[in-house]
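Asks: okay, predicted coordinates and the sequence, questions at the end:
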Amino acid sequence: MPTRDSAVAESKPSVPPIQDVIETQWQFVTDDLGPLHAQLESRTELAGFSLVRLAPLDLTDRYIDTADLRLARAGLALRLRSDGRHNRATLKSLHADSTSPKQRRRITQPMDDGRIESLLSASGPVAERTRTVASGAALEAVFTARTHREVFRALQGGVDVAAITLDSTELGHSGDAAASDLLRRVEVDLHGAAVGAVQPLVDRLRESALLEPALASKFVTGLASVGRTLPAPPEPGTALIAAGLSAAAAGQFLLRHQLAMWRSLQPAVCLGEDPESLHQLRVTGRRLLAVLQLLEAAPLAGANRLRPRLRALLRRSSAARDLDVQHAQIEAVDRTAADGALQPLLNELARRRAQQQRALLRALDSLRARQLFLALDKLASRPPRRPPLQPAVVAAERLIRRRFRKARRAALLMDRSASAENLHALRLEAKKLRYVAEPSAAVFGAPLQRFLRRLQRLQNVLGRINDAHQAMTNLEALVRRRRNSLPPGAIFAMGRMTEQQHQHLLAERAKWPQTWESLSGKRWRRLRRCMKERVAGTARPNIV
């Protein structure tokens, strides 16, 4: 076993490499690190683990973000660290696993110095992600953390399995913190061992030092030390309008909500590492289109000119979304049946997805996009030019009836043997009907809520039909294009999945007529009667 002196010598920092890892870490807080430090320093063994003390470190960390915390809204914390010899830039995911120990991604790259300007001009995974998410916005130091760190390695059978870290940290602007901003944390980092193997050591530490689980990350605590909080995303889904509002006031309220949702999602979409964020951004865009229809009906000047521009921006995201779906489909085949044989295909899809990501970033960061959202912001607060204003109930009822008529026309074109393309067209009409109707659930009450549940069922059936059709089309196209380069096992696995998707398509296609009938029959008649009664009883709206 190394002596304490040799362990201290070994701990001298070397030039840090670029790292992209998932760290596993137990995090605790305490009012006093002294007793635990004395216990660890006086022992060479604890709970069956050998302990080796490393040299203490004094760290200066600056946490960096834009003024509107775009990195944090993308789920990232950016830290510039200096230990007196080396400088490092680190991105950590903020959305750590809620269980204990926590798991989160950590990406680190070395820097020549600790300046923000140096990071922005550098290459490497941290610098590139930072520039992408910031999208040209200036970066600034949000808070500073000055930490005195004591580290003890835990070994089992001579193998380094964990590190026990005792941190005493001052938080605040430029490190000038009051005593109340002193943070004392104990962390145990897993070094490749199984969680269960190190858990006895963690339990012993908790019991002997009366440690409490850390409820907030160092980043969140640091924000609080300078009077800031982590941006809370808007409530997902659709806000509900209240009876008595004008169509203009209701539409502007909905527009502000969906614009906030778009802005909460855009940083993660720019990062390009979470397919679900792009999907949700597209859903938000469709809801914005529905709100603009309401504002057109209000009427509110300018709404009709913005809808085509927003639709054009959403089309720029279609290719990226399609590639996300294809990648997930091929990955499922490879994972379950092809045993890695489809990796070249996955690499090709990843390359094409990266190209589409660059195109999407150019579209989102373009002058046209900035002008569009500036116009949407103005529309959300613009006072109507002339009363009388149309009641929201009246405008919503007309929009719902109009969208239902379009969905019904699409349904009447088909029978049980309808093509996947025609069913997809009905699916699109059903989506538009849902996005128009959802905000009025509080106005039209139970009849609309029951109608929306049936509409969701129809969307689910049509969505599964579309997913199966797209999976079949994509797989067949890939086999045709790469038949000569794919191993027989991969072709067989893709053929089997194609057949499975065909069976899913047939099963779901048999369901849609009954699902449509349950929606368009008495549910629609009851909703139509309810809407008619509410419209008849609507007084002139309050001018809001």
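Replies: Nice, I can see it.
Asks: need the contact list for the closest residue to residue 329 other than its chain neighbours.
Replies: Distances taken as Cβ to Cβ, 6 or more residues apart in numbering place residue 471 nearest to residue 329, at 5.0 Å, with adjacent residues excluded. C-beta coordinates here come from the backbone N, C-alpha and C atoms, glycine included. Shown here is residue 471, whose contacts under the criterion Cβ atoms under 8 Å, 6 or more residues apart in numbering are 329, 497-498, 501.
Asks: which member of those is positioned nearest residue 341?
Replies: Distance ranking of these against residue 341, using Cβ to Cβ, places residue 497 first at 13.1 Å.
Asks: walk me through the domains of this protein.
Replies: The chain breaks down by automatic domain parsing into domains covering 4-225, 244-321+347-380, 392-535.
Asks: that older thread, from the contacts of residue 471, which ones fall inside helices?
Replies: Secondary structure from DSSP state H places 329, 497-498, 501 of the contacts of residue 471 in helices.
Asks: got those residues as TSV, with neighbour count, pLDDT and distance to residue 459 columns?
Replies: TSV is the format used below for the ones in helices among the contacts of residue 471 (neighbours: other Cβ atoms under 10 Å; pLDDT from 0 to 100; distance: Cβ to Cβ, whole Å):
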residue	neighbour count	pLDDT	distance to residue 459
329	21	82	20
497	20	82	24
498	18	86	24
501	20	87	19
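Asks: from these, pick the one nearest residue 84.
Replies: The nearest member of those to residue 84, counting by Cβ to Cβ, is residue 329 at 50.4 Å.
Asks: hmm, the closest one is touching residue 476, no?
Replies: No. Counting by Cβ atoms under 8 Å, residue 329 does not reach residue 476; the two are 11.9 Å apart.
Asks: what comes up buried for the longest strand along the chain?
Replies: Looking across the chain with DSSP state E, the single longest strand is strand 139-156. Neighbour-count burial for strand 139-156 flags 139, 142-147, 149-155 (criterion: 16 or more other Cβ atoms under 10 Å).
Asks: residues in contact with the nearest residue to residue 40 once chain neighbours are set aside?
Replies: With sequence-adjacent residues excluded and distances taken as Cβ to Cβ, 6+ apart, residue 40 is closest to residue 152, at 5.0 Å. Neighbour list for residue 152: 40, 51-54, 163-164 [criterion: Cβ under 8 Å, 6+ apart].
Asks: let's see it at 7 Å
Replies: 40, 51-53, 164 (Cβ atoms under 7 Å, 6 or more residues apart in numbering).
Asks: quick one on the thing from earlier: direction included, what does the longest strand of the chain pair up with?
Replies: strand 49-53 (antiparallel), strand 57-66 (antiparallel), strand 159-172 (antiparallel) (DSSP bridges).
Asks: next one: that strand to chain centre, how far?
Replies: Its chain's C-alpha centre and that of strand 139-156 lie 27 Å apart, by Cα atoms, centre = their mean, to the nearest Å.
Asks: same deal with stretch 147-166?
Replies: With Cα atoms, centre = their mean as the basis, stretch 147-166 stands 33 Å off its chain's centre.
Asks: and residue 208, what element?
Replies: Per DSSP states H and E: residue 208 is located in helix 195-209.
Asks: buried stuff in that helix?
Replies: Neighbour counts using 16+ other Cβ under 10 Å place 198, 201-202, 205-206, 209 of helix 195-209 among the buried residues.
Asks: for the residue nearest the centre of the chain, which non-adjacent residue is closest in space?
Replies: Centroid-nearest residue in the chain, with Cα atoms, centre = their mean: residue 277, separated by 4.4 Å. Once flanking residues are discounted, residue 277 sits nearest to residue 268: 3.9 Å by Cβ to Cβ, 6+ apart.
Asks: ok so, going back, want to throw the strands paired with strand 139-156 into a markdown table with distance to residue 192 and mean neighbour count?
Replies: As requested, the strands paired with strand 139-156 are exported to a markdown table (distance: least, Cβ to Cβ, whole Å; neighbours: other Cβ atoms under 10 Å):
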| stretch | distance to residue 192 | mean neighbour count |
| --- | --- | --- |
| strand 49-53 | 14 | 21 |
| strand 57-66 | 22 | 19 |
| strand 159-172 | 7 | 19 |
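Asks: dump the ones you listed into CSV; add mean pLDDT and distance to residue 490 as well.
Replies: As requested, the strands paired with strand 139-156 are exported to CSV (pLDDT from 0 to 100; distance: least, Cβ to Cβ, whole Å):
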stretch, mean pLDDT, distance to residue 490
strand 49-53, 95, 46
strand 57-66, 96, 44
strand 159-172, 95, 39
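Asks: of the domains of the chain, which is nearest residue 340?
Replies: Evaluated over the domains of the chain, closeness to residue 340 peaks at domain 392-535, with 9.2 Å, by Cβ to Cβ.
Asks: and the strand or helix carrying residue 26, what other elements does it pack with?
Replies: According to DSSP H and E, residue 26 maps onto strand 19-29. Contacts defined by 3 or more Cβ pairs under 7 Å, 6 or more residues apart in numbering; DSSP states H and E place strand 19-29 against strand 102-111, strand 182-190, helix 195-209, strand 212-213.
Asks: noted, bye for now.
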